[in-house]
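3D model of this:
(chains A, B, C and D)
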Number of protein chains: 2
Amino acid sequence: MSPRGQQAARAVSQPTQPPVRRPTVQDVAREAGVSPSTVSRALHTRGYASPAVRARVRAAAERIGYVTDHNARNLRSRTSTSIGVLISDLRNPFYADLAAGIEEELRAAEYQMVLVNDNGDPAEEMQAVETLLAMRVPGVIVTPVTAKCPQVLQNNGVHVVCADRELGRSGSDLVLSDNKSGACELTEHLIALGHTRIGLLIDETKWSTGAGRLAGFRAAHADNDLVVDENLIAFTSFDAEAARRTTRKLLSGHEVTAIISANNVLAQGALAEVQDRRLKIPRQLSLAAYDDVPWMSLVQPALTTVDQGTVEMGRSCARLLIARIRGELPSRRRLVKVPARLIVRGSTGPAPR
Amino acid sequence: MSPRGQQAARAVSQPTQPPVRRPTVQDVAREAGVSPSTVSRALHTRGYASPAVRARVRAAAERIGYVTDHNARNLRSRTSTSIGVLISDLRNPFYADLAAGIEEELRAAEYQMVLVNDNGDPAEEMQAVETLLAMRVPGVIVTPVTAKCPQVLQNNGVHVVCADRELGRSGSDLVLSDNKSGACELTEHLIALGHTRIGLLIDETKWSTGAGRLAGFRAAHADNDLVVDENLIAFTSFDAEAARRTTRKLLSGHEVTAIISANNVLAQGALAEVQDRRLKIPRQLSLAAYDDVPWMSLVQPALTTVDQGTVEMGRSCARLLIARIRGELPSRRRLVKVPARLIVRGSTGPAPR
DNA sequence: CGGAAATGTGGCATCGATGCCACATTCCGC
DNA sequence: GCGGAATGTGGCATCGATGCCACATTTCCG
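Numbering: from 1, shown residues only, chains lettered A, B, ... in the order given. Got it, this is the predicted structure:
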């Protein structure tokens, strides 16, 4: 592979390099009759430019269609307005809502969102981290898969906000749903309806998310002097199909009168199984879920749920990160607990006797 | 506002500037005992470096934790690996799926996705365009709100792929669902079941999307020698609540035996109204929708739909754009029609007599 | 009215990687 | 064994915006 061959090949594969020459600060300077430095100050840096010059420069820039080159700016000023957002699955409405909230707030503050799906895979997550480091982003919002991820970022001076879950003891800022309270409230709602044998469909408890929800489930029982039958805590995998199979087992011979799904995906599986069995809800079985998503109010009867305020969680993440980047926060890490809200709908009713 | 005051204020608001000095090409060069140019070639540019040196440089880079600075690279080489993605509403599963497909393919090709929600607002859309121009992205994938958007981008030498809809006569590449065929197939399915008075709930026909679906609806009627009663084409606004009200009107005195919703959002409204009226589906009314999303198979009876293959559409967009950027495509614009697939479920049945 | 402070602008170096060219080797064939 | 091609490396300028400092004006006050 000779250099020459290389270049030739390259030239062939890029025949239509767009030849657009975009105006630079120099051009604007010439047009406005000032120096490049002045243009820069007039357009961006605060202060340092008389209103008259500022207006003139603005007009000139507008006239020749000048658009700042972020790459040059970022390089020189050693900053960037791109923020990394690292989530597990955009197709899951929880993550989509989270991302939507983040994006909204970032956009309002004139930051850009670089969104990466890691599919819950540690390798892809680290790959993404590398990319974000290369982009020199000042901050990242992540629903971490591995504690290593926030750690590496922080070691490189990148601000990190962990969303939805805590992994190990990172010093990162955190935005979490108040899982324990929410799950507790939901469980108590069922207990108040007379349920004593409540199944909990849950996929993990390693992360604070599952752990919190389980804790809330237990707390509600304890508060009402009920002992939790450990057999009713049904561990399953993270996909709907697995949840369905687990629900099947749960419904066989455990005499549960209610089932709580720990998240929206598991709820899909649970509902599918329940519908398949033609169980009358809520007469024969009450069904509820943590993490309200739109379809839950479309099925009949509509599902009783706990709304995490996911979009607001996303907004909080972004606000927190921006404040951190601007250095407006004391150095100690901040924990934001987003309150969860119980939404009672038709799928929960008095326990059958 | 004196300069000094400015600086002081700035200093106060950024007390903890992360002092992390990241290794540069120079550092790697020193570590490996070669020149910076060689490092650059060894790590990135193809060819031009002996395997031995290449390995040595790689090792050195690894050892000192070198991560290329994309800003510098982009500036110098006048390219970027960030791709803009401009959609209307991330919370709508259609757009989320589209974005997921795009991201997947971009990531595989080592591009990054900068995702912007324009909320269907022309002003925000143009705002986003400006930002993407500033980032010097080589390409953008957009579900356009305005024809101006792809146009401005192209005028600035940015490659554009329009997804899901065509606006006016831009020269952009296009990736569309085969709306006409899909809608036609769906309508014919209903006609075959004996329906002759089919309502169509639709929000717009200015864009190719709505226009195509309406055309398919008409085509199916024509193919079966049925005249379309224009009163059954129910125009509505783009939100579920409006769709619900429109459905209400449609159900009052038009003697429709089936309703097709032109997209997933409208379907929500239609379903809500139908459930509210306690109509038996499909005995009293058949219900169907264009654009299959997960909840449609969760409701009972599950909805008959047309699956657009949205994720695949996203992938197509990304593949097309990348090929375009690499200059692998002939200059004439390309139109990709993604086939739609009819999914018959329980919500459609024989027409009542 | 003079000199110091305040105020606005311009000049120049610089951020970090890379394109391009020159040059030092090595290789080959006659 | 020698001239010229092939091959691999280093040097240097450069992408475009901005931080910093110097300096030319103005402004202000004793």
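
going forward, measure contacts between C-alpha atoms and count neighbours the same way
OK.

A:Asn264: neighbouring residues, count only.
Taking other C-alpha atoms under 10 Å in any protein chain shown as the neighbour definition, A:Asn264 ends up with a count of 23.

from what I see, it and A:Ala288 are in contact.
No - in this structure A:Asn264 lies outside contact range of A:Ala288 using C-alpha atoms under 8 Å: 10.0 Å.

interface residues of chain A facing DNA strand D?
Residues of chain A that fall close to DNA strand D, judged by C-alpha under 7 Å from any atom of the strand: A:1-2, A:21-26, A:36-37, A:40-41, A:43-45, A:67-70, A:72-73, A:75-77.

narrow those to those that are buried.
Buried residues within those, defined by neighbour count using 16 or more other C-alpha atoms under 10 Å in any protein chain shown: A:22, A:24-25, A:36, A:40, A:43, A:67-70, A:72-73, A:75.

tabulate the residues you listed (TSV), appending pLDDT.
Formatted as TSV, the entries for those read as follows, by pLDDT from 0 to 100:
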residue	pLDDT
A:Arg22	93
A:Thr24	95
A:Val25	95
A:Pro36	93
A:Ser40	93
A:Leu43	91
A:Val67	96
A:Thr68	96
A:Asp69	97
A:His70	97
A:Ala72	97
A:Arg73	96
A:Leu75	97
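
ok, and of those, which contact DNA strand C?
Here is what survives when those are matched to DNA strand C using C-alpha under 7 Å from any atom of the strand: A:Pro36, A:Ala72, A:Leu75.

need phi/psi at A:Thr146.
The phi and psi values for A:Thr146, taken as degrees, to the nearest 10, are phi -140, psi 150.

burial check on it, number of neighbours?
Around A:Thr146 there are 17 residues (other C-alpha under 10 Å).

what of A:Gly182?
25.

pretty sure A:Ala134 sits against B:Gly65.
No - between A:Ala134 and B:Gly65 no contact is recorded; they are 11.4 Å apart, counting by C-alpha under 8 Å.

more neighbours: these two, which one.
When A:Ala134 and B:Gly65 are compared on other C-alpha under 10 Å, the one with more neighbours turns out to be A:Ala134, at 16 against 13.

show me where pLDDT drops low in chain A?
Applying pLDDT under 70 to chain A flags the ranges A:1-19, A:46-48.

ok, the ones next to DNA strand C among the buried ones among the residues of chain A next to DNA strand D vs DNA strand C, which is closest?
The shortest distance between DNA strand C and any of those, using C-alpha to the nearest atom of the strand, involves A:Leu75 and amounts to 4.7 Å.

near DNA strand C at all, the helix or strand encompassing A:Gln127?
With elements delineated by DSSP states H and E, A:Gln127 resides in helix A:122-134, which encompasses its position. No - judged by C-alpha under 7 Å from any atom of the strand, helix A:122-134 stays clear of DNA strand C, getting no closer than 8.4 Å.

can you list the residues that contact that helix?
A:84, A:86, A:116, A:118, A:145-146, A:149, A:152-153, A:156, B:67-70 (C-alpha atoms under 8 Å, 6 or more residues apart in numbering or on different chains).
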